[in-house]
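Undergrad: show me how the following folds:
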Amino acid sequence: MKCPFCGGVSDRVVDSRESREGEVIRRRRECLACLRRFTSYERVEESPLVVVKSDGRREEFDRVKVLRGLRRACEKRPVEEARLEALCDEVEALFPTREPRELKTREIGAFLMEKLKEVDQVAFVRFASVYRRFEDAGDFVEEVETLLSDARDASRRSR
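TA: Have a look, this model is predicted:
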(Lines give C-alpha, C1' and ligand atoms only; values in the text may rest on other atoms or scores of the structure.)
Protein backbone atom coordinates (compact mmCIF):
# COMPACT_ATOMS: atom_id res chain seq x y z
CA MET A 1 0.00 0.00 0.00
CA LYS A 2 1.42 3.37 -1.01
CA CYS A 3 1.59 5.99 1.78
CA PRO A 4 -0.60 8.99 0.90
CA PHE A 5 1.84 11.32 2.70
CA CYS A 6 5.35 10.36 1.54
CA GLY A 7 4.68 7.80 -1.19
CA GLY A 8 6.54 5.07 0.66
CA VAL A 9 5.52 1.50 -0.13
CA SER A 10 6.39 -0.16 3.17
CA ASP A 11 3.83 -0.14 5.96
CA ARG A 12 2.48 -2.25 8.76
CA VAL A 13 -1.11 -2.92 9.73
CA VAL A 14 -1.85 -1.48 13.18
CA ASP A 15 -5.55 -2.41 13.43
CA SER A 16 -8.17 -4.27 11.32
CA ARG A 17 -11.92 -4.07 11.76
CA GLU A 18 -14.96 -5.22 9.85
CA SER A 19 -17.56 -2.63 8.98
CA ARG A 20 -20.88 -2.61 7.10
CA GLU A 21 -21.96 -6.11 8.15
CA GLY A 22 -18.63 -7.65 7.21
CA GLU A 23 -18.67 -6.38 3.62
CA VAL A 24 -15.71 -4.05 4.15
CA ILE A 25 -12.52 -4.40 6.19
CA ARG A 26 -11.05 -1.19 7.55
CA ARG A 27 -7.30 -1.26 8.19
CA ARG A 28 -5.25 1.33 10.06
CA ARG A 29 -1.72 1.34 8.67
CA GLU A 30 1.52 2.98 9.68
CA CYS A 31 4.07 3.98 7.06
CA LEU A 32 7.52 2.63 7.95
CA ALA A 33 9.23 5.55 6.18
CA CYS A 34 7.47 8.62 7.67
CA LEU A 35 5.69 6.86 10.61
CA ARG A 36 2.36 8.57 9.79
CA ARG A 37 -0.87 6.59 10.00
CA PHE A 38 -3.57 6.22 7.36
CA THR A 39 -6.65 4.14 6.75
CA SER A 40 -7.35 1.73 3.89
CA TYR A 41 -10.54 -0.16 3.05
CA GLU A 42 -10.85 -3.59 1.43
CA ARG A 43 -13.95 -5.06 -0.15
CA VAL A 44 -14.60 -8.08 -2.32
CA GLU A 45 -14.98 -7.28 -5.98
CA GLU A 46 -17.94 -9.28 -7.17
CA SER A 47 -18.66 -10.17 -10.76
CA PRO A 48 -21.87 -8.57 -11.96
CA LEU A 49 -25.18 -10.36 -12.24
CA VAL A 50 -26.04 -10.50 -15.94
CA VAL A 51 -29.45 -10.71 -17.59
CA VAL A 52 -29.66 -12.31 -21.04
CA LYS A 53 -32.38 -10.57 -23.05
CA SER A 54 -34.63 -12.41 -25.51
CA ASP A 55 -32.63 -11.02 -28.45
CA GLY A 56 -29.37 -12.34 -26.95
CA ARG A 57 -28.10 -9.03 -25.59
CA ARG A 58 -26.58 -9.09 -22.14
CA GLU A 59 -26.94 -6.34 -19.57
CA GLU A 60 -26.22 -5.98 -15.89
CA PHE A 61 -29.06 -6.97 -13.57
CA ASP A 62 -30.89 -3.87 -12.40
CA ARG A 63 -32.78 -4.41 -9.16
CA VAL A 64 -34.43 -1.00 -9.50
CA LYS A 65 -35.91 -2.02 -12.86
CA VAL A 66 -37.39 -5.22 -11.39
CA LEU A 67 -38.75 -3.34 -8.39
CA ARG A 68 -40.29 -0.69 -10.68
CA GLY A 69 -42.12 -3.41 -12.66
CA LEU A 70 -43.38 -5.04 -9.47
CA ARG A 71 -44.54 -1.70 -8.05
CA ARG A 72 -46.43 -0.93 -11.23
CA ALA A 73 -48.14 -4.34 -11.18
CA CYS A 74 -49.04 -3.90 -7.50
CA GLU A 75 -50.15 -0.27 -7.80
CA LYS A 76 -53.22 0.41 -5.62
CA ARG A 77 -53.13 -3.18 -4.35
CA PRO A 78 -52.67 -4.27 -0.72
CA VAL A 79 -49.10 -5.46 -1.24
CA GLU A 80 -46.45 -4.18 1.16
CA GLU A 81 -43.23 -2.66 -0.12
CA ALA A 82 -41.28 -5.08 2.08
CA ARG A 83 -42.84 -8.00 0.16
CA LEU A 84 -41.73 -6.48 -3.16
CA GLU A 85 -38.21 -6.02 -1.79
CA ALA A 86 -38.24 -9.66 -0.66
CA LEU A 87 -39.26 -10.74 -4.18
CA CYS A 88 -36.29 -8.82 -5.59
CA ASP A 89 -34.04 -10.57 -3.06
CA GLU A 90 -35.42 -13.92 -4.24
CA VAL A 91 -34.69 -13.01 -7.86
CA GLU A 92 -31.10 -12.13 -6.98
CA ALA A 93 -30.76 -15.45 -5.17
CA LEU A 94 -31.70 -17.23 -8.42
CA PHE A 95 -28.43 -16.20 -10.03
CA PRO A 96 -25.97 -19.07 -9.96
CA THR A 97 -22.96 -18.75 -7.71
CA ARG A 98 -20.66 -20.01 -10.47
CA GLU A 99 -19.34 -17.92 -13.34
CA PRO A 100 -20.86 -16.51 -15.43
CA ARG A 101 -23.65 -15.31 -13.15
CA GLU A 102 -26.37 -15.10 -15.79
CA LEU A 103 -30.14 -15.59 -16.02
CA LYS A 104 -32.49 -15.22 -18.95
CA THR A 105 -35.23 -12.61 -18.74
CA ARG A 106 -37.69 -15.41 -19.48
CA GLU A 107 -36.62 -17.23 -16.28
CA ILE A 108 -36.89 -14.08 -14.17
CA GLY A 109 -40.33 -13.20 -15.57
CA ALA A 110 -41.70 -16.72 -15.08
CA PHE A 111 -40.39 -16.79 -11.50
CA LEU A 112 -41.94 -13.42 -10.66
CA MET A 113 -45.28 -14.39 -12.20
CA GLU A 114 -45.46 -17.54 -10.05
CA LYS A 115 -44.63 -15.53 -6.93
CA LEU A 116 -47.13 -12.77 -7.77
CA LYS A 117 -49.83 -15.38 -8.29
CA GLU A 118 -49.40 -16.26 -4.60
CA VAL A 119 -49.12 -12.65 -3.43
CA ASP A 120 -51.93 -10.92 -5.36
CA GLN A 121 -53.81 -12.28 -8.36
CA VAL A 122 -54.67 -8.86 -9.80
CA ALA A 123 -50.99 -7.89 -9.65
CA PHE A 124 -50.19 -11.22 -11.30
CA VAL A 125 -52.53 -10.49 -14.25
CA ARG A 126 -51.11 -6.97 -14.60
CA PHE A 127 -47.54 -8.29 -14.59
CA ALA A 128 -48.43 -11.11 -17.00
CA SER A 129 -50.07 -8.64 -19.39
CA VAL A 130 -46.77 -6.83 -19.82
CA TYR A 131 -44.48 -9.86 -19.60
CA ARG A 132 -46.50 -11.94 -22.06
CA ARG A 133 -47.39 -8.91 -24.19
CA PHE A 134 -51.16 -9.28 -24.16
CA GLU A 135 -52.62 -7.96 -27.41
CA ASP A 136 -56.31 -7.67 -26.56
CA ALA A 137 -58.98 -8.30 -23.93
CA GLY A 138 -59.18 -11.95 -24.97
CA ASP A 139 -55.66 -12.51 -23.62
CA PHE A 140 -56.78 -11.09 -20.26
CA VAL A 141 -59.87 -13.30 -20.22
CA GLU A 142 -57.79 -16.42 -20.94
CA GLU A 143 -55.41 -15.63 -18.11
CA VAL A 144 -58.21 -14.96 -15.63
CA GLU A 145 -59.97 -18.19 -16.68
CA THR A 146 -56.74 -20.10 -16.06
CA LEU A 147 -56.47 -18.48 -12.61
CA LEU A 148 -60.07 -19.41 -11.78
CA SER A 149 -59.56 -22.96 -13.00
CA ASP A 150 -56.42 -23.33 -10.88
CA ALA A 151 -58.31 -21.98 -7.84
CA ARG A 152 -61.17 -24.47 -8.39
CA ASP A 153 -58.69 -27.35 -8.71
CA ALA A 154 -56.92 -26.31 -5.52
CA SER A 155 -60.28 -26.06 -3.72
CA ARG A 156 -61.22 -29.59 -4.82
CA ARG A 157 -57.85 -31.03 -3.71
CA SER A 158 -58.17 -29.48 -0.24
CA ARG A 159 -61.53 -31.16 0.43
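
Undergrad: partners of the helix or strand containing residue 12 in the sheet?
TA: Take DSSP states H and E as the rule and residue 12 turns out to sit in strand 11-19. If you go by DSSP bridges, strand 11-19 pairs up with strand 24-31 (antiparallel).

Undergrad: got the contact list for the strand it pairs with?
TA: 1, 3, 5-6, 8, 10-19, 36-43 (CB atoms under 8 Å, 6 or more residues apart in numbering). Heads up, the C-betas are built off the backbone N, CA and C, glycines and all.

Undergrad: buried ones in it?
TA: If you call a residue buried by 16 or more other CB atoms under 10 Å, then strand 24-31 has these buried ones: 27, 29, 30, 31.

Undergrad: ok, stretch 120-129 next?
TA: Buried, per 16+ other CB under 10 Å, within stretch 120-129: 120, 121, 122, 123, 124, 125, 126, 127, 128.

Undergrad: put together TSV for those, with distance to residue 150 on each row.
TA: Listed next are the buried residues of stretch 120-129 as TSV, based on distance: CB to CB, whole Å:
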residue	distance to residue 150
120	15
121	10
122	15
123	16
124	11
125	13
126	17
127	16
128	13
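
Undergrad: quick one: the strands in the chain?
TA: Along the chain, counting by DSSP state E, strands occupy 11-19, 24-31, 37-43, 50-52, 58-60, 102-104.

Undergrad: who are the packing partners of the fifth one?
TA: Contacts defined by 3 or more CB pairs under 8 Å, 6 or more residues apart in numbering; DSSP states H and E place strand 58-60 against strand 50-52.

Undergrad: need the residue closest to the centroid of this structure.
TA: For the chain, the residue nearest the mean C-alpha position is residue 92 (3.7 Å; CA atoms, centre = their mean).

Undergrad: got a pLDDT number for that residue?
TA: If you check residue 92, the pLDDT there is 88.

Undergrad: out of the contacts of strand 24-31, which end up buried?
TA: 3, 8, 11.

Undergrad: which residues touch the last one?
TA: Shown here is residue 11, whose contacts under the criterion CB under 8 Å, 6+ apart are 1, 3, 29, 30, 31, 32.
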